[in-house]
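> structure for this input, please:
(one chain, ligands or ions: 1)
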Amino acid sequence: MDIEKVNSMDFGEFVDVFGNIIEKCPLIAAAVWSQRPFSDLEDLENHFFAFIDALPRSGQEGILRCHPDLAGRDLQQGKLTAESQREQSQAGLTSLDAGDQLRLQQLNAQYRERFGFPFVLAARLSDRAAVPRELARRLHCQPESELRTALGEVKKIGHLRLADLLGTDPAKVE
Ligand SMILES: NC(=O)NC1=NC(=O)NC1=O
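Sure thing, here's the model as predicted:
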């Protein structure tokens, strides 16, 4: 998909295609649409990220709260979005043994208790051994820096989802 095609989309098509770049936050695509035309695919991505950066803290935390837990209830109940299902499956989270699953649930609960939002990590860049390790590490971070870290992960997830849609090379994950 090239940038001319993106710039030619009407509102409905744009939100249909890009509505889940940020998990369960189609509002962001709805807002970004009105900023077309985009000079290139990176410019499109930067508009998504700029929207997130411009939100008040409540909005940024709201984005994090729209993310399903890794190996959490939505995964167990088959309620994940297609993108999230693919990501969590690629990280090996769909085949954890009972012990690993319980440990992740406990860590997720501790993290949510401490920060007030769920632990978010780009699962496609991780694996079943690294997820609990990274969760346990970040559990001890300060709230301000952890919010920035978590939003950085939201952007990595968004970058990978955009790369899938646009057929671009996902290599540039800063
Ligand atoms: N809490 C999360 O980090 N969720 C997720 N990360 C992903 O990469 N996909 C998810 O659903």
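
> distance check, the nearest residue to Glu61 once chain neighbours are set aside against Ile52.
With CB to CB, 6 or more residues apart in numbering as the criterion, Glu61 has its nearest non-adjacent residue at 4.9 Å, and that residue is Phe117. C-beta here means a position set from N, CA and C on the backbone, and glycine is covered the same way. As judged by CB to CB, to the nearest Å, Phe117 and Ile52 stand 14 Å apart.

> of the two, which one has the most company?
Phe117 (20 against 17; other CB atoms under 10 Å).

> how many residues are close by Leu96?
Neighbour number of Leu96 under other CB under 10 Å is 20.

> how close does the residue nearest to it when sequence neighbours are not counted sit to Asp169?
Excluding its sequence neighbours, the residue lying closest to Leu96 (CB to CB, 6+ apart) is Ala71, at 5.7 Å. Distance of Ala71 to Asp169, given as CB to CB: 29 Å.

> what residues does this structure have near the ligand?
67-70, 84, 87-88, 118-124, 157 (CB under 6 Å from any ligand atom).

> what sits against Pro26?
With contacts taken as CB atoms under 8 Å, 6 or more residues apart in numbering, Pro26 has the following neighbours: Val15, Gly19, Asn20.
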